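Asker: quick one: sequence and predicted model below, then my questions.
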Amino acid sequence: MEDVVSLGSINVDRIHHVSDGEIAGLRDRYSWFPDRGQTVQIDDLPTDFVAAPESIRHGGKGANQAVAAAKAGAETEMLGKIGPDSGEFGVRSHLAEAGVGVTRIDTASDPTGTAYVFVGPEGDNWIIVRPGANSAIDSAYIREQYDTIRSAECLLLQNEILTEPVVALLSELGAERDRPTVILDPAPADGLEALLGCDAVDYLTPNEKEYRALRSALAEFDGVLVRKRGADDVIVEAERRFTVTPPAVDAVDTTGAGDVLNGFLAAQLATGASLQEAIEIGTIAGSLSTREEGARRGIPTLEAVRTYRTSGGVTG
């Protein structure tokens, strides 16, 4: 039995550092280019869209959250699909080295999912995802993993895989007496309405762009709402409303900070921590992760987060 299971995307991230002017040019040229802090999914990109990336790193919201949960001390299993090119990038081995279980990851015929991550001068990001093998996560695959999912303490979900099989999974979990706590990251927000109506979703964790996009649909959701707001206070709307202030850090790259919060949140809830404690730990972890480039490189350990917290923000 795993503490945390993450069912979702596994990507190879192509990193581009850009100026404000370059971002403005991309937004003028492509109507679908994301807003600051937004993730959009595009199946086909123009052949001349971008030049070669400055660096290639590991990513995907599902995989990022799995690594964060493992760093937070949880026994964690990753469920998803990668392409035949995954060995070239060490996708499976990188997850395993981070302490994530990888034996249930399957290989599809399509290439491993790709994310184009644009990082601005202040560390802000704009992300474009091409799903690739992530689109091969179907009901048959999820059915094969059902016992693993059902027996977990927490299930992490995102919206970078097909919605229909996830809705079917949530419907089945909703009928279970003993099921995992489900944490849903609504990124990207497009097409998420079907998931919001599922009773099995316990936590929804949008950033501000996603919150505004989904606001009219949130009437269908009666779980805990965790609004991630970058450097501003995290707003939690549960039985009682409270806020948590992120620590001030010198941010280099905010890519994946929300994923880190989610992973730590799941790991903490799996151990029986209170919601406030879990959010506070996750918020610190997410902030600390922005001090290094890449979605995973800066993810701290639970020990590092606790040390930072007890020392009043002083690091070695």
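Answerer: Okay, I see it.

Asker: gap between stretch 187-199 and the chain center?
Answerer: The chain centroid and the centroid of stretch 187-199 are separated by 15 Å under C-alpha atoms, centre = their mean, to the nearest Å.

Asker: make that stretch 287-298, sorry
Answerer: Centre-to-centre, stretch 287-298 and its host chain are 13 Å apart (C-alpha atoms, centre = their mean).

Asker: may I have it exported as PDB, CA atoms only?
Answerer: These are the backbone C-alpha positions of stretch 287-298, laid out as PDB (Å, rounded to 0.1, in the frame of the first residue of the first chain):
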ATOM      1  CA  SER A 287       8.600  28.600  -2.200                       C
ATOM      2  CA  LEU A 288      12.000  27.000  -1.500                       C
ATOM      3  CA  SER A 289      11.700  25.100  -4.800                       C
ATOM      4  CA  THR A 290      11.800  28.300  -6.800                       C
ATOM      5  CA  ARG A 291      15.400  29.100  -5.800                       C
ATOM      6  CA  GLU A 292      16.800  26.800  -8.500                       C
ATOM      7  CA  GLU A 293      16.000  26.300 -12.200                       C
ATOM      8  CA  GLY A 294      13.700  23.500 -13.400                       C
ATOM      9  CA  ALA A 295      10.500  22.000 -12.100                       C
ATOM     10  CA  ARG A 296      12.300  19.400  -9.800                       C
ATOM     11  CA  ARG A 297      15.800  20.500  -9.200                       C
ATOM     12  CA  GLY A 298      15.000  22.700  -6.300                       C
END
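
Asker: next, the buried residues of that stretch.
Answerer: By 16 or more other C-beta atoms under 10 Å, the buried positions in stretch 287-298 come out as 287-291, 293-296, 298. Placement of C-beta: from N, CA and C, glycine included.

Asker: stretch 181-194 now?
Answerer: Under the neighbour-count criterion of 16+ other C-beta under 10 Å, stretch 181-194 has 181-189, 192-193 buried.

Asker: under the pLDDT cut-off, which ranges of the chain? List them.
Answerer: 1, 314-316 (pLDDT under 70).

Asker: show me where it has its helices.
Answerer: 20-29, 61-71, 86-89, 91-97, 139-144, 146-151, 163-174, 193-196, 208-214, 257-270, 275-289, 302-310 (DSSP state H).

Asker: these: which one's closest to residue 117?
Answerer: Of all the helices of the chain, helix 61-71 sits nearest to residue 117, with 11.5 Å by C-beta to C-beta.
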